[in-house]
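*Asks:* Below is the sequence, then the predicted model.
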Amino acid sequence: MKDVNIIVQKKKLSEMTDEEINISKYRSLEKRYNSLVEACDKLEEQNNMFRAELEMGYQKLENAQKNVEINKMIVQNALSEKNSREQSFLGEIADLKAKIKAM
């Protein structure tokens, strides 16, 4: 079967009646309206997607901040423990030096 092209020939504006002109204007406006509605629906869908991504980003940021605080506490505790051991060792060294001098 051969491809059949259907050609729709539009009337010239001067050949159209007032009713046909009004119907044509209405159909044109209807197409534009439907196009705008479709565009708005797509924008709303994208907006919702971006809001979800933004919310996820805020949650990730919040979790990252919590992790930074936890790591900060771990480092502070490790440094405090290191300093405590260091002071303890210095005290023991001083005691041992005193004992050696006393001998």
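*Replies:* Alright, I've got the coordinates.

*Asks:* any residues touching stretch 88-97, and which ones?
*Replies:* Contacts to stretch 88-97, defined as Cβ atoms under 8 Å, 6 or more residues apart in numbering, come from no residue at all. (Glycine included, C-beta is placed from N, CA and C.)

*Asks:* For it, C-alpha coordinates in CSV please.
*Replies:* Coordinates of each C-alpha in stretch 88-97 appear next as CSV, following Å, rounded to 0.1, in the frame of the first residue of the first chain:
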residue,chain,number,x,y,z
SER,A,88,51.8,11.2,82.8
PHE,A,89,55.0,10.1,81.0
LEU,A,90,56.7,13.5,81.8
GLY,A,91,55.8,13.0,85.4
GLU,A,92,57.2,9.5,85.5
ILE,A,93,60.4,10.7,83.7
ALA,A,94,60.8,13.5,86.3
ASP,A,95,60.3,11.0,89.1
LEU,A,96,62.9,8.6,87.6
LYS,A,97,65.4,11.5,87.1
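
*Asks:* could you give me the average pLDDT of that stretch?
*Replies:* Across stretch 88-97, pLDDT averages out at 93.

*Asks:* for stretch 61-76, same thing?
*Replies:* On average, the pLDDT along stretch 61-76 is 98.

*Asks:* what do you get for stretch 13-21?
*Replies:* Mean per-residue pLDDT for stretch 13-21: 81.

*Asks:* So residue 60 versus residue 54, what's the distance?
*Replies:* Remark: distance between residue 60 and residue 54 (Cβ to Cβ, to the nearest Å) = 11 Å.

*Asks:* same question, residue 90
*Replies:* 53 Å.

*Asks:* what's the answer for residue 42, then?
*Replies:* Counting by Cβ to Cβ, the gap from residue 42 to residue 54 is 18 Å.

*Asks:* Understood, closing this out.
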